[in-house]
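Participant: Show me the folded form of this:
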Amino acid sequence: MIEWSLEHFGTGVDVIDEQHKELFARVNAVVAVMNWPDGDAEIGATLEYLARYVVTHFVFEEQWMAEHDCPGQEENARGHTRFVARLSTFQHRFDAEGATAEFRSELARFLERWLSNHVEVIDVGNLRQAPDEGPDPDDEATVLLVPGTPS
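Facilitator: From the prediction side, this is the model:
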């Protein structure tokens, strides 16, 4: 499990930090059930949730970076594209074979590495260099809701 911390994963953009905390919580929840014999339902639900959530989050983050002329925006977008493609591959494998021991191990490793590497290196590295003016977290346009999830 990877715990979100301000020191390692804080970007300085509150709304993006909150979105990242949600990603960490979901990844940690699914990693926690990887060894449960009946964890397939939770794994499948988390894959579906992540597929919806990350697309919404990635669009928001990429727009924010573009609006603030952050360095490394293209690298960030490429990382997002690779994540979505890899997550899609995991979803197809899950649908075809279920959550085998090998699948569970690969998924947990992928999610934890991606969060640690992408968020800490790419997101934090770029967003901490942005001007200190972010979106207003009280503005409805900055609230991230995913269809089918409670607000």
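Participant: tell me the contacts of the residue of the chain positioned farthest from its centre?
Facilitator: Centroid-distance maximum for the chain: Pro37 at 25.5 Å, with C-alpha atoms, centre = their mean. Pro37 makes no contacts at all, as judged by C-beta atoms under 8 Å, 6 or more residues apart in numbering. (Glycine included, C-beta is placed from N, CA and C.)
Participant: which SS class is it?
Facilitator: coil (DSSP: H, G, I helix; E, B strand; the rest coil).
Participant: One more: Glu3?
Facilitator: With three-state DSSP as the basis, Glu3 sits in coil.
Participant: so it makes contact with Phe24?
Facilitator: Yes. With contact defined as C-beta atoms under 8 Å, Glu3 and Phe24 form a contacting pair (7.2 Å).
Participant: More neighbours: the two, which one.
Facilitator: Relative neighbour count places Phe24 above the other of Glu3 and Phe24, with 21 against 9, counting by other C-beta atoms under 10 Å.
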